[in-house]
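Undergrad: Turn this into a structure:
(one chain, ligands or ions: 1)
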Amino acid sequence: MSLTDQARAAEKQRVQEVTEKITVKITELEEQVGLVQSDVVEIRKHYWDEVTMDMSTAEDAVESIASMRQQSEVLSERERTHRQASKTLGKLRKLVQSPYFGRIDFIERGEREEEAVYLGIASFLDEEAGQYLIYDWRAPISSLYYDFAPGEVAFRTPNGTVEGQMVLKRQFVIRDRHIHLMFDTGVTIGDDLLKQVLSRSSDAQMKTIVATIQKEQNRIIRNDSAQMLIVQGAAGSGKTSAALQRVAYLLYKHRDKLSSDQMVLFSPNPLFNHYVSTVLPELGEENMQQTTYQAYLEHRLGEMFEVEDSFTQLEYVLTRGGLEHVSERTPVMEEAYEARLSGIYYKSSTAFLAVIEAYKKQLEQMGMLFNPIKFRDKEVLSAARLVKQFYSYDSAIRLPNRLELMKEWILGQLELFAKVEIEEAWLDEEIELLSSDEYHRAYIKLRKMEGERDSSFDDYDQERHLLARNVLKKHLKPVRSAVKQLKFVDMIGLYGQLFREGAVAAKRELIADKPRYWSEICGRTLEELAHARLPYEDATPFLYLMEAVCGFQTNSAVRHVIIDEAQDYSPFQLAYLKRLFPRCRMTALGDLSQAIYSHASAYSEIDPIAALFGPDQTEVIRLVRSYRSTREIVEFTRGIVPGGDAIEPFTRAGSKPRVIQTTDRGSLHSLLAAEAARLLDEGYASIAIITKTASEAELAHQALTPLMQVPLGRVTKHSPTFESGVLVIPSYLAKGVEFDAVLLYDGSHHQYGHENERKLFYTACTRAMHELCIFALGDPCHFITSQPQDTYVLAGSAEDVLS
Ligand SMILES: Nc1ncnc2c1ncn2[C@@H]1O[C@H](COP(=O)(O)OP(=O)(O)OP(=O)(O)O)[C@@H](O)[C@H]1O
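TA: Numbering: from 1, shown residues only. The predicted model follows:
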């Protein structure tokens with residue numbers, strides 16, 4: 001719809017006026033912030049001058065404390081004002097460059113006058129006129145912009161629904177205070193603007209989408225009713241984008257009671273953390289806490305074990321136990337591999353979670369294991385004695401509470417032990433080795449105990465006793481502290497017991513439906529535990545058992561948990577997170593088609609996740625439109641996964657994916673290098689050469705580096721960030737991120753010949769925004785050849801392509 005010249009001129013004029021008003025406000029605020037800052041500095045500098053401290057009498061003391069409190073209140077009030085003003089200033093500085101992106105004219109039912117509502121990343125009030133010149137995109141009325149085309153409309157407010165007519169919907173692109181683009185639109189959010197946004201080059205960091213949020217994404221962002229919001233959406237459908245705008249929305253809506261540090265985002269890897277870390281600051285909000293599940297496991301178990309990470313496990317699975325290139329694989333090797341797969345699957349299932357629950361119940365009656373309490377070479381309390389003590393408590397008392405009683409009892413026993421141990425000769429030797437400092441300290445202490453009498457170390461017995469007590473106390477400290485941390489519970493033994501034949505008479509029945517290769521699984525688990533190694537598949541069950549026995553650690557401060565790539569979590573892991581954050585709401589975003597791990601995915605059936613909060617508290621939203629890739633790429637990739645035909649491409653055209661077949665690695669590398677150079681020439685900023693595994697990435701990087709005209713980056717699981725340019729990245733680390741062009745390193749049948757590699761292949765291909773080119777060393781895999789011929793171009797042999 002074209003705008004009249006008059007309308008254009010009026011909008012230009014308005015932008016000028018609004019940015020001028022914002023500029024004035026910025027100047028005012030800068031002054032205010034400066035003043036408040038000097039106040040804060042002054043108060044800090046003269047803090048104690050203003051406080052009268054006199055502790056002579058009780059009354060003076062009370063007065064002194066009151067004066068101190070008053071002074072700190074003044075200081076915190078100034079600091080708060082400073083923080084608030086700086087935050088507003090930050091928002092205004094963004095706003096002045098691009099004050100708004102949308103306008104809707106709305107007439108409320110029963111009213112005659114229409115109101116023009118301009119939407120930006122924050123609201124701006126003209127204080128003199130008492131009128132909002134810009135509305136925050138998160139304000140209730142702003143939802144009209146995302147949800148409706150002009151016509152009959154309605155929006156919800158805390159006081160009820162407001163109905164009316166939208167008579168105009170206009171979009172703007174304003175940069176550096178100038179209107180670059182402006183048009184009226186009939187559809188929800190004009191496809192033209194979205195097409196323009198999506199055609200731009202990708203970036204090493206994600207961008208906000210507030211100007212072009214789609215209706216179905218708005219449902220995710222503004223959902224405030226579900227305790228558990230499950231988003232199941234196609235690759236590139238905007239799950240992560242919607243989740244980040246949702247965080248901004250919730251921070252706005254609940255600004256009196258919710259702060260960014262009460263929200264936690266679980267990301268698939270540290271690289272992804274960096275990738276999304278600029279979205280909220282771009283919207284003028286502080287970032288929420290960001291972590292990975294792996295970092296949490298490390299934090300809890302890293303002291304006890306060498307904890308395997310999920311990527312090492314995946315690498316094992318994808319390289320078939322590191323035997324990928326071994327020509328003569330024996331049946332034993334094959335079996336060990338299959339056994340581990342079966343173990344991975346079983347240990348992440350809800351069936352195993354139920355086994356652990358049942359095991360915990362059983363431990364209430366029998367089967368607890370303890371580490372003996374040792375001091376030097378003596379056993380203070382044997383494991384058997386601890387077991388006896390444990391089961392002497394009332395069996396109705398919960399395990400963690402009984403362990404608390406045990407803890408007190410053991411500390412008491414250590415006191416008794418110390419009374420006898422103090423006579424031992426080794427203490428005399430230690431006393432002789434005391435430094436003069438330590439000796440002096442002991443003397444002072446003795447004087448204090450003696451009531452400051454001028455006693456000296458004239459009584460040998462007294463002196464020896466005192467010094468021995470000090471020395472013994474020092475040596476017993478680590479033992480006492482281990483007891484306080486419940487380290488006397490033999491957690492490794494307890495977990496191992498689940499896999500040990502006949503360890504506890506009844507427990508074998510706990511595992512009624514044993515998975516395939518059960519005895520191999522048991523053997524391997526016990527061996528790993530014996531070497532203080534914890535395979536990734538054991539980490540969550542181990543932690544769960546530890547908490548069931550010793551007491552659950554919870555974090556009640558966190559009110560909202562967002563789990564991205566939720567399909568990569570097992571139902572067990574999600575259940576664990578739910579327990580860890582008992583007061584939180586959850587948003588889980590996932591795509592079953594990208595479930596690349598061998599364990600059961602929480603997304604394979606919605607039921608187990610819905611059960612976490614109950615069906616009444618759970619809502620599922622599906623996104624089927626894919627925004628990232630061109631229509632041609634989506635038409636090709638959607639055929640790879642079951643149910644993919646439901647994925648709708650967005651109408652952005654590009655060229656068809658190409659498949660280039662070669663027969664030797666030398667020409668594969670020359671072709672890849674030539675293709676990367678061509679894409680750079682065409683102006684693409686980010687080009688990813690995606691390999692299946694990290695070991696393949698290392699090989700590819702080595703071989704390609706000398707052939708490239710630009711520096712070739714390489715992403716590993718330790719990379720905290722990535723830059724634009726050309727880089728080599730293993731498929732599973734490319735999750736969640738995107739590139740202008742993807743060159744799939746080797747999509748041959750040899751590399752992607754197994755059914756369980758389908759989703760990995762799909763994930764890798766769907767990282768491409770504008771160009772996808774798949775190389776194949778030998779025959780292309782059947783995930784390609786089973787696609788309709790017209791969805792890709794087969795570029796013959798290497799010679800054809802080069803010529
Ligand atoms: N409403 C929108 N307006 C503009 N861009 C959008 C919109 N929705 C999604 N996009 C863009 O589409 C791309 C994919 O979005 P995003 O990464 O959030 O998808 P995803 O569903 O999390 O993808 P995946 O599961 O494949 O990682 C991003 O470049 C994002 O900016």
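
Undergrad: which SSE is Glu430 in?
TA: According to DSSP states H and E, Glu430 maps onto helix 425-432.

Undergrad: contacting residues around that helix?
TA: Residues outside helix 425-432 that contact it (Cβ atoms under 8 Å, 6 or more residues apart in numbering) are Arg376, Glu421, Arg464, Leu467, Ala468, Val471, Leu472. Every residue, glycine included, has its C-beta placed from N, CA and C.

Undergrad: what does stretch 117-134 give?
TA: Outside stretch 117-134, the residues that touch it by Cβ under 8 Å, 6+ apart are 18, 21-22, 25, 91-92, 94-95, 98-106, 135-137, 139, 141-142, 144-145, 208, 210, 282-284.

Undergrad: Just the buried ones from the residues you listed, in ChimeraX syntax?
TA: For the buried members of the contacts of stretch 117-134, the matching ChimeraX selection, counting by 16 or more other Cβ atoms under 10 Å, is:
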select :18,21,22,25,91,92,94,95,98,99,100,101,102,103,104,106,135,136,137,139,141,142,144,145,208,210,282,283,284
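
Undergrad: before we move on, back to that, farthest-apart pair in the contacts of helix 425-432, please.
TA: Arg376 and Arg464 (19.2 Å; Cβ to Cβ).

Undergrad: neighbour-wise, which of those two wins?
TA: Set Arg376 next to Arg464 and count neighbours by other Cβ atoms under 10 Å: Arg464 wins out with 16 against 10.

Undergrad: Which of the helices and strands in the protein ranks last by mean pLDDT?
TA: helix 798-802 (a mean of 52; mean pLDDT, DSSP states H and E).

Undergrad: quick one: secondary structure of Glu619?
TA: What DSSP: H, G, I helix; E, B strand; the rest coil gives for Glu619 is strand.

Undergrad: quick one: it and Arg219 touch, right?
TA: No - using Cβ atoms under 8 Å, Glu619 is not in contact with Arg219; the gap is 9.1 Å.

Undergrad: what does the protein put close to the ligand?
TA: Within the chain, the positions near the ligand by Cβ under 6 Å from any ligand atom are 194, 197-198, 207, 209, 212-214, 217, 233, 235-241, 591, 627-628, 736, 738, 766.

Undergrad: Which ones among those map onto helices?
TA: Counted as lying in helices by DSSP state H, out of the residues of the chain next to the ligand, are Leu194, Val197, Leu198, Gln217, Lys239, Thr240, Ser241.

Undergrad: Pull out the buried members of the residues you listed.
TA: Leu194, Leu198, Gln217, Lys239, Thr240, Ser241.

Undergrad: Grab the nearest non-local neighbour of the fifth one.
TA: If I follow you right, that is Thr240. Asp564 (5.7 Å; Cβ to Cβ, 6 or more residues apart in numbering).

Undergrad: That neighbour: what's it in contact with?
TA: Counting by Cβ under 8 Å, 6+ apart, Asp564 makes contact with Lys239, Thr240, Ala243, Leu265, Phe266, Ser267, Pro268, Phe272, Leu589, Gly736.

Undergrad: would you turn those into a markdown table with pLDDT?
TA: Compiled in a markdown table, the contacts of Asp564 are given as follows (pLDDT from 0 to 100):
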| residue | pLDDT |
| --- | --- |
| Lys239 | 95 |
| Thr240 | 94 |
| Ala243 | 94 |
| Leu265 | 95 |
| Phe266 | 95 |
| Ser267 | 91 |
| Pro268 | 89 |
| Phe272 | 87 |
| Leu589 | 94 |
| Gly736 | 89 |
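
Undergrad: Among the residues you listed, which ones are in strands?
TA: Leu265, Phe266, Ser267, Leu589 (DSSP state E).

Undergrad: Between those residues, which sits nearest the ligand?
TA: Each of those was scored against the ligand by Cβ to the nearest ligand atom, and Leu589 proved nearest at 6.6 Å.

Undergrad: That closest one contacts Leu244, doesn't it?
TA: No - with contacts counted by Cβ under 8 Å, Leu589 stays clear of Leu244, the gap being 10.3 Å.

Undergrad: Appreciated, that's everything.
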